[in-house]
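Student: sequence first, then the predicted structure:
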Amino acid sequence: MQYENDVNFILEAGKDKEKLGILVEQNSGLVWSIVKRFLGRGYEAEDLFQIGSIGLIKAIKNFNPEYEVKLSTYAVTYILGEIKRFIRDDGIIKVSRSIKDLCVKIKDIENRKMKEGENVTVEEIAKELKVDKEEIILALDSTKQVESIFVESNDDKNNTTLLDKLSNNKDEVEEVINEISIKDILNKMNKRDKEIILLRYFRGKTQSEVAKIMNISQVQVSRLEKKILNNMKLELSS
């Protein structure tokens with residue numbers, strides 16, 4: 001018997017070890033599907049599975065039926081978070097000290113402008129700190145949570161997000177798992193392509209605004225964006 005949709009069973013499993021074990025076993029496939037996204041980084045698959053299972057257990061114990069989602073969907077963020085935290089704390093994923101310092105400076109400027117009742121642009125921050133705007137964008141991106149790929153594009157009348165443009169299906173679990181892959185793809189991009197995607201989908205800029213920042217035409221931005229998204233979709237599906 002499957003207890004994926006049995007809310008009462010899930011809630012009871014948070015306090016009952018036997019029921020907890022049943023749910024962990026039934027959702028082991030979910031943990032493995034997420035672990036596969038992190039293979040090739042110098043860690044044993046079994047070790048990552050154990051770490052992911054800890055995230056699954058936390059999800060079961062903290063399950064909130066008010067979200068009206070399946071346990072598997074609810075657990076994805078916990079499993080991802082646990083594995084990412086393990087890798088980060090182990091020293092594989094690090095934000096450099098210079099980037100951290102730059103983030104602090106950027107935050108100070110944003111807070112100052114906010115108190116003055118003004119908005120500040122990437123260009124203005126870059127000018128004040130005397131660094132390239134690309135460095136500002138990368139610093140801002142380093143502070144973003146994975147959920148930022150759900151930000152809607154200002155140029156899209158249908159309020160389409162980056163994940164919407166890259167996903168071919170609407171399965172909740174698969175969409176959440178794909179977030180990690182998108183981040184990995186971004187890190188492999190060349191400077192120009194990454195800047196376009198960061199500006200469009202992480203900073204919420206329109207194509208016209210991106211064109212001005214990059215000193216190219218809106219038509220060029222549109223063509224480049226379409227090409228980049230197609231390449232990302234191909235890599236995501238490979």
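Tutor: The structure has been received and is ready for your questions. Numbering: from 1, shown residues only.
Student: just to be sure, Glu25 is in a strand?
Tutor: No: using DSSP: H, G, I helix; E, B strand; the rest coil, the assignment for Glu25 is helix, not a strand.
Student: please report the distance of it from Lys19.
Tutor: As for Glu25, its distance to Lys19 is 11 Å (criterion: CB to CB, to the nearest Å). Every residue, glycine included, has its C-beta placed from N, CA and C.
Student: quick check: domain ranges of the protein?
Tutor: Using automatic domain parsing, the domain parsing of the chain gives 7-89, 95-143, 144-238.
Student: lowest-scoring secondary structure element of the protein by mean pLDDT?
Tutor: Counting by mean pLDDT, DSSP states H and E, the weakest-scoring helix or strand in the chain turns out to be helix 162-166, with a mean of 54.
Student: state the distance from Lys233 to Lys226.
Tutor: Distance, Lys233 to Lys226, using CB to CB: 11 Å.
Student: which one of those two has more residues nearby?
Tutor: The neighbour comparison of Lys233 against Lys226 (other CB atoms under 10 Å) goes to Lys233, with 15 against 11.
Student: from the contact counts, what lies against the host helix or strand of Glu135?
Tutor: Assigned by DSSP states H and E, Glu135 belongs to helix 133-142. Secondary-structure packing of helix 133-142 (3 or more CB pairs under 8 Å, 6 or more residues apart in numbering; DSSP states H and E): helix 97-115, helix 122-129, helix 191-197.
Student: just list what the shortest one packs against, helices and strands only.
Tutor: This points to helix 191-197. Judged by 3+ CB pairs under 8 Å, 6+ apart, helix 191-197 is in contact with helix 133-142, helix 207-214, helix 218-237.
Student: mind doing that once more with 6 Å?
Tutor: helix 218-237 (3 or more CB pairs under 6 Å, 6 or more residues apart in numbering; DSSP states H and E).
Student: okay, buried residues for the helix it packs on please.
Tutor: Residues 221, 224-225, 228-229, 232, 236 are the ones in helix 218-237 that count as buried (16 or more other CB atoms under 10 Å).
Student: please apply the same query to stretch 47-62.
Tutor: By 16+ other CB under 10 Å, the buried positions in stretch 47-62 come out as 48-49, 51-57, 59-60.
Student: equivalent analysis for stretch 33-51, please.
Tutor: Neighbour counts over stretch 33-51 (16+ other CB under 10 Å) mark 33-35, 37-38, 43, 48-49, 51 as buried.
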